[in-house]
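Novice: Here you go, sequence then predicted model.
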Amino acid sequence: MFDTDVRDKEDNLNKSRLQEKASVRSFLKIIMILICVSTFLYSAYRLYVIGHEYSTATNEYKKLQKYVEKIPSDKSKSNFSSEININFKELKAINNDVIGWIYFENIDINYPIVKGTDNTFYLNHTFKKEVNKSGSIFMDYTNDEQFKDFYTILYGHNLKNSSMFSALMKYKEKDFYVSNHCFWIYTPSGKLKCEIFSCYITSSTSKSYNKNFESKEQYGSFLRDITNNSIYDTGVTVTAEDSIVSLSTCTNSDKESRIIVHAKVIKQ
């Protein structure tokens, strides 16, 4: 009798332990499900926010196209089938930081250029100064806004919706370069033809972003270095007498990786 009672108690204890373990497993399973659902909902929310920001920025920049007039180009004097007139007066009424407009004929890079008091504000503000991760195309704040420096840098994001400077990634292929070897920068005082001579992947802290040169010889050495860095030979020569404009964007492979496209300026 005694042995039977002991066995019954042991059986009841084992059942209780099994029930407790089952309850713990069920509880943990519920917690995991809640975590997964929460993660999914948060990710969906973030995707919605990003998509909404992209859409908002895209619509804003589309509306700015009304200040751009395409005109036929004289093919004997230009590589483009059309050029543009920019209403800078109206653009400055919206944002006095505007200093130019960058235009590629066959690429979706057709944006106003702004210049802030630092290199951070326009990373997450649109042309209308609205907070938005799409940002703007902006000039390095240390550069001369009339493009009078020997070396000028323009920055823009590489976005998943292929806007802003995303198309620069295509310059890794020489065939793409051959079909799109130059672009235009329009300013309130004139226009600049920019002929691409080098393209490569680098880091945000590389010497490619150095704009301080103590002499023409040092500048000439810098030009030779960035020409030699190019993924392919463009055949375009640059000298210490040339001014250059460089376009920079993230590669999105890591936080420090950048693609930079260098072009020499040919004043029109």
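Specialist: Good, I have the coordinates.
Novice: excluding its backbone neighbours, what's nearest Y186?
Specialist: The shortest distance from Y186 to any non-neighbouring residue, by CB to CB, 6 or more residues apart in numbering, is to W101 (4.5 Å). C-betas here are computed from N, CA, C, even on glycine.
Novice: ditto for H125
Specialist: Nearest non-adjacent residue to H125 (CB to CB, 6+ apart): V131, at 6.1 Å.
Novice: Could you check how many residues crowd around the one you found?
Specialist: 9 (other CB atoms under 10 Å).
Novice: my guess is it contacts Y122, does it?
Specialist: No: assessed by CB atoms under 8 Å, V131 is found out of contact with Y122, at 11.2 Å.
Novice: The residue nearest to Y186 is in what secondary structure piece?
Specialist: Applying DSSP states H and E as the criterion places W101 in strand 98-103.
Novice: so what strands line up beside the next helix or strand after that strand?
Specialist: Once strand 98-103 ends, the next helix or strand along the chain (criterion: DSSP H and E) is strand 110-114. Using DSSP bridges, the strands paired with strand 110-114 are strand 98-103 (antiparallel), strand 137-139 (parallel).
Novice: For strand 110-114, which outside residues touch it?
Specialist: Strand 110-114 is contacted by residues 61, 64-65, 68, 91, 95, 97-104, 122, 127, 136-139, 154, 156, 164, 185 when judged by CB atoms under 8 Å, 6 or more residues apart in numbering.
Novice: Of these, which qualify as buried by neighbour count?
Specialist: With burial judged by 16 or more other CB atoms under 10 Å, the buried subset of those is 61, 64, 68, 91, 95, 97-104, 122, 127, 136-139, 154, 156, 164, 185.
Novice: can you give me the helices in the protein?
Specialist: 2-63, 88-94, 174-179, 216-228 (DSSP state H).
Novice: What degree of burial does V238 show, as a neighbour count?
Specialist: Other residues close to V238 by other CB under 10 Å number 20.
Novice: show me what contacts it?
Specialist: F197, L223, T227, I244, K264.
Novice: redo that, cut-off 10 Å
Specialist: Contact analysis of V238 by CB atoms under 10 Å, 6 or more residues apart in numbering lists 195, 197-198, 220, 223-224, 226-227, 244, 262-265.
Novice: buried subset of those residues?
Specialist: Neighbour-count burial (16+ other CB under 10 Å) applied to the contacts of V238 gives E195, F197, S198, G220, L223, I226, T227, I244, H262, A263, K264, V265.
Novice: Leaving out the residues flanking it, which one is nearest to the fifth one?
Specialist: Looking back up the chat, that one is L223. Nearest to L223 is V238, by CB to CB, 6+ apart, at 5.0 Å.
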